[in-house]
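> fold the stuff below for me.
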Amino acid sequence: MARRPRENAAAAPAPVTVTVCRGCCCGATAKHPGIDHAGQLARLREGVGGAGKVRAVDCLDACGHSNVVVVSPSAEGRRAGGRPVWLGWVLADDMIDEVAEWVRAGGPGVVPAPGTLDLQAFTVSRRIREGLPD
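Next comes the predicted model:
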């Protein structure tokens, strides 16, 4: 059977992707009382808007850095050498706003992270990095 070509064969370029951990520790009121986790996710989605994609996942296995957010570069950012940036302890609204601003500006590989986010960045093992869902 012959395959029909798609109407829009040109795939849209991959946007900046923000992955928000919402598993056992991240997003848990028991670990972070007083934090509106659902509100933070909504704020991030609203702040990023059409500049990127925000997704919540169950667990990124970096619980010692809870609340974890991973900002992955767009196709353009990856071509420029950008790699995913793992941010830990993203608990305050101003941090959420800075992530959204960075995504709107182009994200990893396109523009440097705001200096305050550098303080949140951490390195994970290859095993954990490779387990990040697509």
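
> show me what contacts the spatially most central residue of the chain?
In the chain, the centroid-proximal residue (CA atoms, centre = their mean) is residue 18; its distance is 2.0 Å. Applying CB atoms under 8 Å, 6 or more residues apart in numbering, we find residue 18 in contact with 44, 48, 52-55, 69-72, 99, 103. C-beta: built from backbone N, CA, C; applies to glycine.

> pretty sure residue 44 is in a strand, no?
No: counting by DSSP: H, G, I helix; E, B strand; the rest coil, residue 44 is located in no strand; its state is helix.

> about what we covered before: inside strands: which ones of the contacts of residue 18?
52-55, 69-72 (DSSP state E).

> where does the prediction get shaky in the chain?
Where the chain drops to pLDDT under 70, the residues are 1-12, 129, 131-134.

> residue ranges of the helices in it, please?
Along the chain, counting by DSSP state H, helices occupy 37-48, 75-79, 93-105, 115-118, 126-130.

> can I get the ones you listed in TSV including mean neighbour count?
Below are the helices of the chain laid out as TSV (neighbours: other CB atoms under 10 Å):
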stretch	mean neighbour count
helix 37-48	17
helix 75-79	16
helix 93-105	19
helix 115-118	12
helix 126-130	10
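
> which one of those helices lies nearest to residue 31?
Of all the helices of the chain, helix 37-48 sits nearest to residue 31, with 10.1 Å by CB to CB.

> run the angle between the closest one and helix 93-105 for me.
Helix 37-48 and helix 93-105 are oriented at 30 degrees to each other (axes from the mean of the first three to the mean of the last three CA atoms, to 10 degrees).

> what's the spacing between the residue nearest to residue 27 when sequence neighbours are not counted and residue 91?
What sits nearest to residue 27 in space, not counting adjacent residues and going by CB to CB, 6 or more residues apart in numbering, is residue 37, at 4.4 Å. As judged by CB to CB, to the nearest Å, residue 37 and residue 91 stand 9 Å apart.

> residue 76 now?
Distance, residue 76 to residue 91, using CB to CB: 30 Å.

> picking up where we left off before, shared neighbours of residue 37 and residue 91, anything?
With contacts taken as CB under 8 Å, 6+ apart, residue 37 and residue 91 have residue 67 as neighbours in common.

> if anything else comes up later, I'll come back, but that's it for now.
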